[in-house]
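Prediction below, plus the sequence it came from.
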Amino acid sequence: MIKISNLSKSFSGQTVLDHLNLDIQKGEVVALIGSSGAGKSTFLRSLNYLETPDSGSIQIDDFKVDFSQITQDEILTLRRKLSMVFQQFNLFERRTALDNVKEGLVVVKKLSDEEATKIAKEELAKVGLSDRQQHYPRHLSGGQKQRVALARALAMKPAILLLDEPTSALDPELVGEVEKSIADAAKSGQTMVLVSHDMSFVAQVADKVLFLDKGKIIETGTPDEIINHPKEERTKEFFASYKRTYI
């Protein structure tokens with residue numbers, strides 16, 4: 001069980017996250033939706049301290065940290081429990097797909113090369129890239145790069161997988177292969193927090209949807225409740241605009 005309490009963040013005096021609270025059950029997929037600038041990416045980046053929250057805490061099982069007085073050791077422990085997949089892949093260009101996946105296992109988890117190689121090969125197989133292990137990023141498509149990034153994150157066996165718009169940088173025909181890999185990870189019981197503008201994918205993979213607006217959670221519910229039967233006016237406005245733009 002993961003508990004996030006009173007998470008707040010401001011930039012230059014402007015509140016981006018306003019005392020957010022969220023409980024996530026093991027194996028649950030939580031999707032964050034909302035307009036650009038609502039605070040979704042900042043929320044993800046604050047959880048693993050890529051952004052420095054002003055206040056709040058996170059508890060993952062027996063590990064709890066207060067962001068206002070976090071230590072370097074706690075930051076490292078937190079990042080071992082949270083793996084993030086970014087929009088832009090963030091792969092090491094001079095390393096093969098296999099070595100990209102092995103990196104965290106060797107450097108962070110201190111596994112032997114043999115152990116790391118075994119796990120990396122297993123994770124690449126899960127995302128359908130066994131035949132691309134020795135390829136460098138420049139020889140991979142965008143969808144393949146993102147699947148390597150996903151394999152790298154999953155190889156760390158995180159308590160929570162954070163996904164920040166994982167398909168937004170991809171050509172439309174490549175989106176499906178990445179979404180399938182994410183859906184497969186969800187089916188295997190991986191706990192996730194996902195930021196996405198793709199409502200059909202949110203509806204497919206999420207257990208719970210949060211609608212964010214101006215740093216606040218305005219509405220929470222199942223994908224059907226939030227997407228098809230929103231209660232709050234701001235949520236209704238968002239989906240009216242979304243349907244005009246995308247549907």
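On my side now, so go ahead.

Only C-alpha atoms from now on, for both contacts and neighbour counts.
Fine.

Could I get the CA-only coordinates of the lowest-mean-pLDDT helix or strand in the chain as CSV?
Per-element confidence for the chain was summarised using mean pLDDT, DSSP states H and E. The lowest value among helices and strands belongs to helix 233-246, with a mean of 82. Taking C-alpha atoms only, helix 233-246 is exported to CSV below (Å, rounded to 0.1, in the frame of the first residue of the first chain):
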residue,chain,number,x,y,z
GLU,A,233,-18.3,21.0,-14.0
ARG,A,234,-14.6,21.4,-14.6
THR,A,235,-14.4,17.7,-15.6
LYS,A,236,-17.4,18.0,-17.9
GLU,A,237,-15.8,21.0,-19.6
PHE,A,238,-12.5,19.1,-20.1
PHE,A,239,-14.2,16.2,-21.7
ALA,A,240,-16.4,18.4,-23.9
SER,A,241,-13.2,20.0,-25.2
TYR,A,242,-11.4,16.7,-25.5
LYS,A,243,-14.2,15.2,-27.6
ARG,A,244,-14.2,18.2,-29.9
THR,A,245,-10.5,17.9,-30.4
TYR,A,246,-9.8,14.2,-30.5
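
Ramachandran angles for Q25?
When read as degrees, to the nearest 10, the backbone of Q25 gives phi -80, psi 150.

I figured it hits Q59, correct?
No. Counting by Cα atoms under 8 Å, Q59 is not a contact partner of Q25; they are 11.8 Å apart.

Those two: which is more packed in?
When Q25 and Q59 are compared on other Cα atoms under 10 Å, the one with more neighbours turns out to be Q59, at 16 against 12.
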